[in-house]
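**Student:** With the sequence up front, the predicted model follows.
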There are 2 protein chains.
Amino acid sequence: MAYQLLIFEDNSRLRESLAILLNDETNFHVAASYPDCDKADKQVEKYKADLVVMDIDMPGIGGVEGVKRIKNSNPEVKVVMHTMFDDDNRIFDSICAGADGYMLKNTSPLQLVSALQEVMNGGAPMSPFVAQKVFQHFRQAKIESEQFNLTAREKEVLELLVKGNSYKMIADKSFVSIDTVKKHLQNIYHKLHVNCGTEAVAKALRHKIVG
Amino acid sequence: MAYQLLIFEDNSRLRESLAILLNDETNFHVAASYPDCDKADKQVEKYKADLVVMDIDMPGIGGVEGVKRIKNSNPEVKVVMHTMFDDDNRIFDSICAGADGYMLKNTSPLQLVSALQEVMNGGAPMSPFVAQKVFQHFRQAKIESEQFNLTAREKEVLELLVKGNSYKMIADKSFVSIDTVKKHLQNIYHKLHVNCGTEAVAKALRHKIVG
DNA sequence: CGGCACCTTACCCGATTGTGTAATAGTTTG
DNA sequence: CAAACTATTACACAATCGGGTAAGGTGCCG
């Protein structure tokens, strides 16, 4: 039984090429294709689609919003982004919106087909460049985190602060006086270039200075 | 010119099979293979390796620590994890440690070779299951984030707090009195089950209630 | 040995934070 | 329409926070 497939792509030539190409595969049946995804959720339901190929830059609501809607009403439908955009925001927004794959448009037809196959087998296909971005995302923070030159003690205090402890609680848990804690935090705030505890916590978490 | 390849794998049969298999490829030359990675950084330098296949569970220092050392002394060397472990910690620790790919041992030889090829072309190959885990990691937080039932106004105030604003600054930017801000934050703290601003910021960031 | 960086404590003081209580008013929902 | 929820403001009070300033102790390195 072939998977029911929907295509959302505003470039009409590309849309038709994709439709023909993917229809040639015995595994897929292109149920319909549209130049925008304003009613994507309805259309997915109408054709009982198993799989969606989604462009990002389209008139009306964009592909990222489109994924959200589809996943909201039909979480089990697989959605693979297919776009020329390779910037971090588009990639991560799409993934967070619920996309199951992210293929750039420089992908060969053969690779696209195998990506669609992979997603139906529970995978999460992405173009090499996208995969690299994703890996970088995990690593990047760690690089900067060492530039603040926090001492071991300062990191310890900061960690306790992030966990929600008050100065007094930190003092108790660190077995030092509250004034010491105060001093440490004062130094920490200077090193992080922040003015208060909440800002320090935000910076510590964003830059992964603490877990 | 074939890439110089090193293999770290404690299972001697698998190690030898891999060596033979990969040596058959014209693109790769297995320079050496070892049952542990205690001196991985030295060995990488000795053979001027371009690429490393790394097991995780090995006697002595583990593969994750091995990647760290290699990347520390030779950041340009590509490292592909090759392991049977598919738990979140191992996967994310490896990636953060600097791994360029993560292939499970159920990968077919053909797929492994193409993964190694992909990594040399600047990609970040991973088994479908791993890719799925990675995608989930981006999404997971968003799921819970809606369970706190914060109102639009509360989210707005919380966002300003996370940015490091004081009560007074939030009041100004929201065009309300400081007492209103106080009240909103009080409600927010209750909804998040926290007792102070720092804790709220930590929770907001971890659960991605705010960007 | 003399700096240098780090950890430690103390005190003062103003500003901020967090809680409790109470009241008014608009909106949504049953 | 009434009830429930939300947004708003106000006041009082205790606790905490954050800055400034000063100073004693440790351990390391040239």
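**Tutor:** Sure thing, it's come through.

**Student:** So the residue nearest the centre of chain A, which state does it fall into?
**Tutor:** Centrality entry for chain A: nearest residue to the mean C-alpha point is A:F92, 2.9 Å, by C-alpha atoms, centre = their mean. Here A:F92 takes the helix state, with states given by DSSP: H, G, I helix; E, B strand; the rest coil.

**Student:** That one - nearest residue in space that isn't next to it in sequence?
**Tutor:** In this structure, A:F92 finds its nearest non-sequential neighbour in B:F138, 6.6 Å apart by C-beta to C-beta, 6 or more residues apart in numbering or on different chains. For every residue, glycine as well, the C-beta is placed using N, CA and C.

**Student:** for A:L150, same thing?
**Tutor:** Leaving aside its sequence neighbours, A:L150 sits nearest to A:K191 (C-beta to C-beta, 6+ apart; 6.1 Å).

**Student:** A:I7 too?
**Tutor:** A:S33 (3.7 Å).

**Student:** follow-up on the earlier one: please spell out which residues along the strand or helix carrying the residue nearest to A:L150 are buried.
**Tutor:** For A:K191, the element it lies in under DSSP states H and E is helix A:178-192. For helix A:178-192, a neighbour-count test (16 or more other C-beta atoms under 10 Å in any protein chain shown) marks A:180-181, A:184-185, A:188-189, A:191-192 as buried.

**Student:** Please apply the same query to stretch A:35-46.
**Tutor:** Along stretch A:35-46, these residues count as buried under the neighbour rule (16+ other C-beta under 10 Å): A:35-38, A:40-41, A:43-44.

**Student:** Let's see the distance spanning stretch A:21-41 from one end to the other.
**Tutor:** Stretch A:21-41 has an end-to-end distance of 24 Å (criterion: C-alpha to C-alpha, to the nearest Å).

**Student:** Please list the outside residues in contact with that stretch.
**Tutor:** A:2-10, A:12, A:15-16, A:18-19, A:43, A:47, A:49, A:51-54, A:58-61, A:63, A:65-66, A:69-70, A:72-74, A:109, A:112-113, A:116-117, A:120 (C-beta atoms under 8 Å, 6 or more residues apart in numbering or on different chains).

**Student:** for chain A, what spans make up the strands?
**Tutor:** Defined through DSSP state E, the strands belonging to chain A, from first to last, are A:3-8, A:28-34, A:51-54, A:78-83, A:101-104.

**Student:** Which phi and psi values does A:V210 adopt?
**Tutor:** phi -120, psi 160 (degrees, to the nearest 10).

**Student:** burial count for it?
**Tutor:** Other residues within reach of A:V210, judged by other C-beta atoms under 10 Å in any protein chain shown, total 18.

**Student:** Chain neighbours aside, what residue packs nearest to it?
**Tutor:** What sits nearest to A:V210 in space, not counting adjacent residues and going by C-beta to C-beta, 6+ apart, is A:E159, at 4.6 Å.

**Student:** can you list the residues of chain A near chain B?
**Tutor:** Within chain A, the positions lying close to chain B (C-beta under 8 Å from any C-beta of the partner chain) are A:92, A:95-96, A:98-100, A:118, A:121-126, A:128-129, A:131-132, A:134-135, A:138-139, A:142, A:161-164, A:166, A:194-202, A:205-206.

**Student:** rewinding a little: would you reformat the buried residues of stretch A:35-46 as JSON lines and include pLDDT and distance to B:D87?
**Tutor:** Listed next are the buried residues of stretch A:35-46 as JSON lines, based on pLDDT from 0 to 100; distance: C-beta to C-beta, whole Å:
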{"residue": "A:P35", "pLDDT": "94", "distance to B:D87": "43"}
{"residue": "A:D36", "pLDDT": "92", "distance to B:D87": "41"}
{"residue": "A:C37", "pLDDT": "91", "distance to B:D87": "36"}
{"residue": "A:D38", "pLDDT": "90", "distance to B:D87": "41"}
{"residue": "A:A40", "pLDDT": "91", "distance to B:D87": "35"}
{"residue": "A:D41", "pLDDT": "90", "distance to B:D87": "35"}
{"residue": "A:Q43", "pLDDT": "94", "distance to B:D87": "38"}
{"residue": "A:V44", "pLDDT": "94", "distance to B:D87": "33"}
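
**Student:** The longest helix anywhere in chain A packs against which elements?
**Tutor:** If you go by DSSP state H, chain A has its longest helix at helix A:128-144. Other helices and strands packing on helix A:128-144, by 3 or more C-beta pairs under 8 Å, 6 or more residues apart in numbering or on different chains; DSSP states H and E, are helix A:88-97, strand A:101-104, helix B:88-97.

**Student:** again, only using 10 Å
**Tutor:** Helix A:128-144 sits against helix A:88-97, strand A:101-104, helix A:197-206, helix B:88-97, strand B:101-104, helix B:109-120, helix B:128-145, with contacts defined as 3 or more C-beta pairs under 10 Å, 6 or more residues apart in numbering or on different chains; DSSP states H and E.

**Student:** and the third one, average pLDDT?
**Tutor:** With pLDDT averaged residue by residue, helix A:197-206 scores 95.

**Student:** quick revisit: so which of the contacts of stretch A:21-41 are also by DNA strand D?
**Tutor:** The subset of the contacts of stretch A:21-41 within reach of DNA strand D, by C-beta under 7 Å from any atom of the strand, is empty.
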